[in-house]
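Colleague: next one to model:
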Amino acid sequence: MEGPLKFVYLFVWALPGQVAAKVEDANMLSRANNGRLVAVLRNHLYIEGGKISTYLNREATSEREYDPVNTTLYIPLDVDWTNRTLELKEIQHAIGMPTVDHSGLWADERDGGAIYRWAGRRQLGQLVEKDETKTLWKLETSSDGNGGWTATTPGNPEGFNAIIRTRDAASVSCDGLGLYIGGITDTATEYNRKTRAIPGTLIYNMDSREWTNSSSREAFQPEGLHKVGTPPVCTTRFGGNPLVFLLGGEAVTSNNRISNLRSFQHVTILDPVKRQWHEQRTTGGPPLPRKFSCAIGAHGKNGTYEIFMYGGAIGDDAQNDIWVLTIPGFHWVQTNRTGPPRYGHACALAGKRQMISVGGLGPKGGFKPVDEWYAGIGVFDLSTLEWKDRYEANAEDYDSPSLVKAFYDNR
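Modeller: Coordinates of the predicted model:
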């Protein structure tokens, strides 16, 4: 069911749970948690999961600091808007669909497309029940953005039932595949599970509905397991199979005792079709090691592919810098722009050359501080490297920023 939202809430620094059709009092609302997810399908941006703060004007309105989000929001991308005039609509969750955060959200843009939600962590201290059925949830939408969630049936039930659900995995979709790499399991993701990082690369084929799980230990040496990180990006630009790029994040040893932030002096690359891992050295920079950044990829006019990374956390400190990794040079360029410090936010490429940032946690963390961005939404022009409060539906095509062009011109 779809319709205007009834309450004036906002998704500052993460996601809103109950949001008004127009975010009129967004400046009064405070930062929420970092369990948000976003995905672009046709002409809409979908926002799923996370929490919303219950503070208004820094004053508590509830015994809890936050409320979990139990609907899916969507934003039009075929019209112009500002974060003060933005109209949001919601899609109700299906009956039996749990409210989670830190899950995976996959978009399939082929032949009408769909969005899938996998795994994640139960909220408000809820535990997974013993006899609960594992489910991959599917959102099918119409041209106006409205749609409905349904439970899917796996093509290989035996293999699917053996999967251990996690949270905070490296999750991305590309060319009809959904990937979910590593992550953490506990009693809020699986019944009676100890908290620990889980190995493996989980791949869902959206055509056959079959699941596979293969080793990823070789990709995260010397530790061995991917724990949490920046969402990967995927491209088919370089011909042949899609390529998945994993940047930074945190890896942990197989006994779950020693964890380290991963260096940006190399990038980990996966061919999900051949299930082959590669490691590529980078030049320039690099950014300081961190986790919970956001990242998106854009195809340049001259055959390049740029990965933009914004923010993230080093310890408990939110970062505000924006970096670009340009491929095939595999060179880091630090932009001369910063945004409000934040981590755990979600970003998406929209309107050819714009990165939309949604929510996150700020320098002081928690749910009380007020976001610097109205409605918790920022729009970044990837070509001019400018932050805006306005989205332009008919923006020009993406062109690599001058800092990137200068690198190739001087080689």
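
Colleague: name the helix or strand for residue 404, please.
Modeller: helix 402-409 (DSSP states H and E).

Colleague: try residue 244
Modeller: For residue 244, the host element (DSSP H and E) is strand 243-246.

Colleague: which one is residue 283 nearest to, not counting chain neighbours?
Modeller: In this structure, residue 283 finds its nearest non-sequential neighbour in residue 331, 4.9 Å apart by CB to CB, 6 or more residues apart in numbering. For glycine as for every other residue, the C-beta is placed from the backbone atoms N, C-alpha and C.

Colleague: with residue 189 instead?
Modeller: Nearest non-adjacent residue to residue 189, counting by CB to CB, 6+ apart: residue 165, 4.7 Å away.

Colleague: can you verify my assumption that the one you found contacts residue 122?
Modeller: No - taking CB atoms under 8 Å as the definition, residue 165 is not a contact partner of residue 122, at 10.4 Å.

Colleague: helices of the protein, start to end?
Modeller: In the chain, the helices defined using DSSP state H lie at 157-161, 402-409.

Colleague: pick the most deeply packed of those helices.
Modeller: Of these, the one with the most neighbours on average (mean count of other CB atoms under 10 Å) is helix 402-409, at a mean of 15.

Colleague: for that helix, which outside residues touch it?
Modeller: 284, 300, 302, 304, 306, 324, 326, 329, 331, 333, 335-336, 385 (CB atoms under 8 Å, 6 or more residues apart in numbering).

Colleague: please repeat the previous calculation with a cut-off of 6 Å.
Modeller: Outside helix 402-409, the residues within contact range by CB atoms under 6 Å, 6 or more residues apart in numbering are 326, 331, 333.

Colleague: specify which member of those residues is nearest to residue 61.
Modeller: Nearest to residue 61 among the contacts of helix 402-409, counting by CB to CB, is residue 333 at 43.9 Å.

Colleague: now for the strand holding residue 244, which elements pack on it?
Modeller: Applying 3 or more CB pairs under 6 Å, 6 or more residues apart in numbering; DSSP states H and E, one finds that strand 243-246 makes contact with strand 233-235, strand 266-271.

Colleague: next, count neighbours for residue 399.
Modeller: Per other CB atoms under 10 Å, the neighbour tally for residue 399 reads 17.

Colleague: ok, it - contacts?
Modeller: Per CB under 6 Å, 6+ apart, neighbours of residue 399: 301, 383.

Colleague: same thing but at 8 Å, please
Modeller: Residue 399 neighbours (CB under 8 Å, 6+ apart): 300, 301, 353, 383.
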